[in-house]
Structures are given as C-alpha cells and as structure tokens.
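Trainee: sequence and computational prediction follow.
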Amino acid sequence: MGKQKSLKLNFVMNAILTMSQFIFPLITFPYVSRILLPAGTGKVSFATSIVSYFTLFAQLGIPTYGIRACAKVRDNREELSKMVQELFIINLVMSMIAYAIFFSAIYFVPRFRQDKELFLIIGLTIFFNAIGMEWLYKALEQYTYITVRSIVFKFIAIVAMFLMVHEQSDYVIYGGISILASSASNIFNFFHVHRYIDIKPVGHYNFEKHLKAIVIFFAMSCATTIYTHLDTVMLGFIRTDADVGYYNAAVKIKTILVSIVTSLGVVLLPRASYYVEHNMMAEFYRITKKAINFVFLIATPMMVYFILFAREGVFFLSGDAYAGAIIPMQVIMPTLLFIGLTNIMGIQMLVPLGKEKVVLYSEIAGMIVDVILNAILIPKMASTGAAIGTLTAEVTVFIVQYIALRGIIKNAYQQVHYAAIGSSVLAGGVLAVLIKRMQWRSFMTLCASAIVFFGVYFLILTVMKEAFVLEMEKQVLGKIYRKKR
C-alpha cells in the first residue's frame, strides 16, 4: 500500500476525469443554454434537483460508507464479495421503495405532473446508481477504468446533444442526454464487477452491522443534498423556471470549478481510510497537510478570477439572455474555497477517523442556515438570495468542522503561505482587469485574462519558492525531460 506512484496515478487519472467534467459542459452548455433559454434549462435543473432527493433516499449513505468499508477489506476477495453483496442488496431494496414514492409524487403533485416525461427520464438515475456500485471501484482505486469509461460516455452524449437538441421544446431530450453522460456508464460497472468480487451469492448476510453507519452517512448525505439542491427546488416553487435557469447557470460554473478543487480529496479517501485502519497516522497527517495546501493554492485564484470575470464567464457559457446569473455567480464563488476545505476535513479526515457524526452535525447546521436564509431571501432576491443562502451554509459547515478538528488541523493551516498566495492573486488580478478594460468579446477576454492572471499567479509563487508549486513543476519538467531522452 506504500506505493506513492499509485497515488500519483490516481490523482492524474482523476484530474483527467475532472477535466472531462469541465470540457463536457464547456462544449454543450453554451449551445444548450442558447437553444433552451433560461426557462428550458431551469426545467431540467428543477427536475434533476427533485430526483436527487429520491436518489439520496435510495443510496442511503452507501456511496461514502461503501468506499471506507470496502477499502478496509479490499485485500481479501471473500470478505470483499460478502461486503459488496450486502451493500448492493440494501441499495436495491431502497431503490424499489424510492421508485414507489417517486411514481406516487409524479401522480399527485401537479408541479411534477406537468413535466412527467422529463421526471421519468431523469428518474433513471436511481436505477443506474443502484447497479453501478461506483463506491466499490473507488475503494479499489480503479480510477483509470472510471476515467476511460466516463470519457467515452461523455463523448457519446456530446454527439447526441448536437444531433438531437435543436428547439426550445427539446428540454426533455436534453435531460435524457444529461443522464446518459452522468449515469448510464454504470451499466458497464455492473457487468465488469465479476473481476473483483464473486458473483455467486455467499449467503449468511449480516445487514445489521452496516445499518448504524449507513444511517449516519445517509443523514450526512441528506443534509448535504438538501442544502445543495434546496436553492433550486425553492426557486422552482417560489419563483419561475427562468429564475431557476439563471441560478443554474451560476451553479453550473461553480460545479465545474469545485470538481477541480476537490479532485485530490476524492482519490485520497480510500488511501486515508487504509492509513487509519493500519495505524499509519504519520502518513495520514502528511497527505492531509498537502491536501489543505492544494485547496488554498487552487481554489483562491479561481475564486477571485471568476468574481472579476463573472460577466464574461456567464455570457460565454450561457449567452446574453443569462445576465441575471452574473451577481449570483459572484456571490457563490467563495464557496469554492470552503467546499474544498470541508471536503478534506470532512471526507478525508473525519470519516476515516470514524467521526462521521461531526460531519453530520456540520451539515445539519448548514442545512438549517440555508433553509432559513432561503425562506427569507428568495422571495425578495430570487437567485441572488439563493446564492447568499448557499454561501452562508458552506461557511457554517466549515466553522463546525474546523472547531472539531482544531487540535490536529491547526498546524496544517499554519503552514499555508497566505502572504504568497494573496500577493500573487493581487498582482494577477490587477493585470487581468487591465485586459478587461479593452472590452473585447467575452471569449477573447476570458482567454487573454486567464493566461495573464494564472500565469502571473504561478510565476510569482515560483519566484517566492512555494514548496507545493515547486514540487508540481519539478514533476512535470522531470517527465518532459525523461521523454526527450
């Protein structure tokens, strides 16, 4: 397990996967948003948010619990097979119950019934997630397989998008293609799983041993999903589809950036769980410090850049019809940093240490704050109010988790070079704003300003000898040098 090269490969493959998640909406959303307009994209976003609650119920906390549980027994095929079969059966039963409630909701709730076809198609997510067992592949650190499979389906979805979405009424087709890109590849997981576990039922299942932990993880997922999607749901009920569309445009950009910020934490969860299980605490704290530093180095410049260039980013990705998304995007950008940090403290530290209840309490606190602020602000401020609620909720989650971990996390935060990061961001921002004043088209402004902003940022950090940046540059240059030889 001490193969550092394996961890680097996992990060590289997850970075490629993250890039594909960035490129897919970068290619499709500018096209789709101009065809469907805010009302059309708002319908799909609203349906997706509603279905996410049923998917959450069906998954019952298994996606996170399954990674930790399977990572601990991954060296024993017999124990791993039993573990996977138990979790799969629980997931399957819960999915059936979720579908029964889902179909009833479509029939009885007029807001859902008016877009019944869209809801039914988006609802396939529940089935695909149940058979996909993505948690097993992550526990086994099969990131190469996950990445290749995901990219293939995203490419198919891109082709389908341009061939099939041509009118504003094609929002149902867009919803179906979105599911194809995000979840349909789980079919391959189901037929591929025999390589890692025995398919034949082992019997003598012990479901009870999982229930306590699963319930806690479910409550965690519940709190997170509620305050993550609550903004969209409340906007859909209180305001209009167009307001949902504006907010979705802002969140779409934020989601792309968050996936980059959290990419390292994703691949470290199974590794962190393994270190804690085998009492390798020095290694556990080492990767934790590196992850915290990574988040600050990556999230801070992206946060500042997209606050400064929110207008250009929204217009480039979504079109002039989405001007209502600019302020919500600026408000929501600081969540990049807070989500990145809580992803490390919560998923990489508290969960492997067996303190998932702290994560639960932090997310419940965030959910309560979000519900209260949404109820107050959305009726008056629409999508901007939803963005304020989300930002405040993420700050709340961060505060609770930091207080719980302050004894062991304080040193990691002290080692972050705040002055170097701040001065580098300031210098890059000043030069980038000068480019903005030239009033070029959105795409040209984004390209030129991004090159200047991030180029100056990393150049100054290199001159100031920021250790993590120097390490990354050394690895990249080392690989280039070896290839030339």
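Mentor: Now that the structure is in, tell me what you want to look at.

Trainee: drop to CA atoms for contacts and neighbour counts, all remaining ones
Mentor: OK.

Trainee: any idea which helix or strand of the chain has the worst average confidence?
Mentor: Sorting the helices and strands of the chain by mean pLDDT, DSSP states H and E puts helix 263-277 at the bottom, at a mean of 59.

Trainee: straight-line length of stretch 185-203, end to end?
Mentor: 29 Å (C-alpha to C-alpha, to the nearest Å).

Trainee: now what about it, what contacts it?
Mentor: Under the contact criterion C-alpha atoms under 8 Å, 6 or more residues apart in numbering, stretch 185-203 has outside partners 77-78, 80-82, 84-85, 128-129, 131-134, 149-150, 153.

Trainee: what's the most distant pair in these?
Mentor: 78 and 153 (31.7 Å; C-alpha to C-alpha).

Trainee: higher neighbour count, those two?
Mentor: Using other C-alpha atoms under 10 Å as the criterion, residue 78 and residue 153 rank with residue 153 on top: 16 against 13.

Trainee: so who does the residue lying closest to the more buried one once chain neighbours are set aside touch?
Mentor: Distances taken as C-alpha to C-alpha, 6 or more residues apart in numbering place residue 181 nearest to residue 153, at 5.5 Å, with adjacent residues excluded. By C-alpha under 8 Å, 6+ apart, the contact set of residue 181 is 150, 153-154, 156-157.

Trainee: what about 7 Å?
Mentor: Going by C-alpha atoms under 7 Å, 6 or more residues apart in numbering, residue 181 touches 153-154, 157.

Trainee: and it, what element?
Mentor: Secondary structure from DSSP states H and E places residue 181 in helix 171-182.

Trainee: and whichever helix or strand comes after that helix, how far from the chain's centre?
Mentor: Per DSSP H and E, the first helix or strand lying C-terminal to helix 171-182 is helix 186-192. Put simply, helix 186-192 sits 22 Å off its chain's centre (C-alpha atoms, centre = their mean, to the nearest Å).

Trainee: could you do stretch 421-429 as well?
Mentor: Distance of stretch 421-429 from the chain centroid (C-alpha atoms, centre = their mean) equals 26 Å.

Trainee: which outside residues touch that stretch?
Mentor: If you take C-alpha under 7 Å, 6+ apart as the criterion, stretch 421-429 is touched by 297, 301, 452-454, 456-457, 460-461.

Trainee: hmm, 8 Å instead?
Mentor: Stretch 421-429 is contacted by residues 297, 300-301, 304-305, 308, 452-458, 460-461 when judged by C-alpha under 8 Å, 6+ apart.

Trainee: which strands and helices sit next to the helix or strand just after the least confident helix or strand of the chain?
Mentor: Counting by DSSP H and E, the element after helix 263-277 in chain order, helix or strand, is helix 281-308. Counting contacts by 3 or more C-alpha pairs under 8 Å, 6 or more residues apart in numbering; DSSP states H and E, helix 281-308 packs against helix 241-261, helix 263-277, helix 326-332, helix 335-342, helix 356-414, helix 418-436, helix 442-463, helix 467-484.

Trainee: same question for the helix or strand following helix 281-308, mean pLDDT?
Mentor: Note on helix 281-308: by DSSP H and E, the next helix or strand toward the C-terminus is helix 310-318. Helix 310-318 shows a mean pLDDT of 84.

Trainee: now do the contacts for residue 43.
Mentor: 171, 241, 244-245.

Trainee: for residue 33, see how far away it is.
Mentor: Relative to residue 33, and taking C-alpha to C-alpha, residue 43 is found at 12 Å.

Trainee: likewise residue 307?
Mentor: 21 Å.

Trainee: widest-spaced pair of the contacts of stretch 421-429?
Mentor: The distance between the two most remote of these (C-alpha to C-alpha) is 20.7 Å, for 308 and 461.

Trainee: which one of those two has more residues nearby?
Mentor: Per other C-alpha under 10 Å, whichever of residue 308 and residue 461 has more neighbours is residue 461, with 21 against 16.

Trainee: surely the more buried one meets residue 455?
Mentor: No. Under the criterion of C-alpha atoms under 8 Å, residue 461 is not in contact with residue 455, lying 10.1 Å apart.

Trainee: hmm, residue 342 is touching residue 396, no?
Mentor: No. Residue 342 is not in contact with residue 396 according to C-alpha under 8 Å; the separation is 10.3 Å.

Trainee: between these two, which one's more packed in?
Mentor: Neighbours were counted for residue 342 and for residue 396 using other C-alpha under 10 Å; residue 342 has more, 26 against 22.

Trainee: in the stretch 301-450 of the chain, where is pLDDT below threshold?
Mentor: Along the stretch 301-450 of the chain, no part satisfies pLDDT under 70.

Trainee: switch to 80 and redo it
Mentor: Counting by pLDDT under 80, the stretch 301-450 of the chain contains low-confidence ranges at 317-319, 347-348, 351-354, 356, 439-443.

Trainee: likewise the stretch 1-150 of the chain?
Mentor: 1-26, 29, 64, 68, 141-144, 146-147.

Trainee: so where do the helices sit in it?
Mentor: 4-59, 62-72, 77-108, 110-113, 116-122, 124-132, 134-139, 143-164 (DSSP state H, counting those that start in this stretch).

Trainee: quick one, domains of the chain?
Mentor: Following the assignment in automatic domain parsing, the chain carries domains at 4-416, 417-485.

Trainee: okay, those domains, which one's buried deepest?
Mentor: Among the domains of the chain, domain 4-416 has the highest mean neighbour count (mean count of other C-alpha atoms under 10 Å), at a mean of 20.

Trainee: shouldn't residue 395 be in contact with residue 337?
Mentor: No. Between residue 395 and residue 337 there is no contact under C-alpha under 8 Å: 9.6 Å.

Trainee: for residue 390, see how far away the closest residue to residue 85 other than its chain neighbours is.
Mentor: Take residue 85 and drop its neighbours on the chain: the residue closest to it by C-alpha to C-alpha, 6+ apart is residue 201, 7.4 Å away. Here the criterion is C-alpha to C-alpha. By it, residue 201 lies 44 Å from residue 390.

Trainee: re earlier: how about a markdown table for the helices of the stretch 1-150 of the chain, with distance to residue 356 added?
Mentor: Formatted as a markdown table, these follow (distance: least, C-alpha to C-alpha, whole Å):
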| stretch | distance to residue 356 |
| --- | --- |
| helix 4-59 | 17 |
| helix 62-72 | 10 |
| helix 77-108 | 19 |
| helix 110-113 | 34 |
| helix 116-122 | 30 |
| helix 124-132 | 23 |
| helix 134-139 | 17 |
| helix 143-164 | 25 |
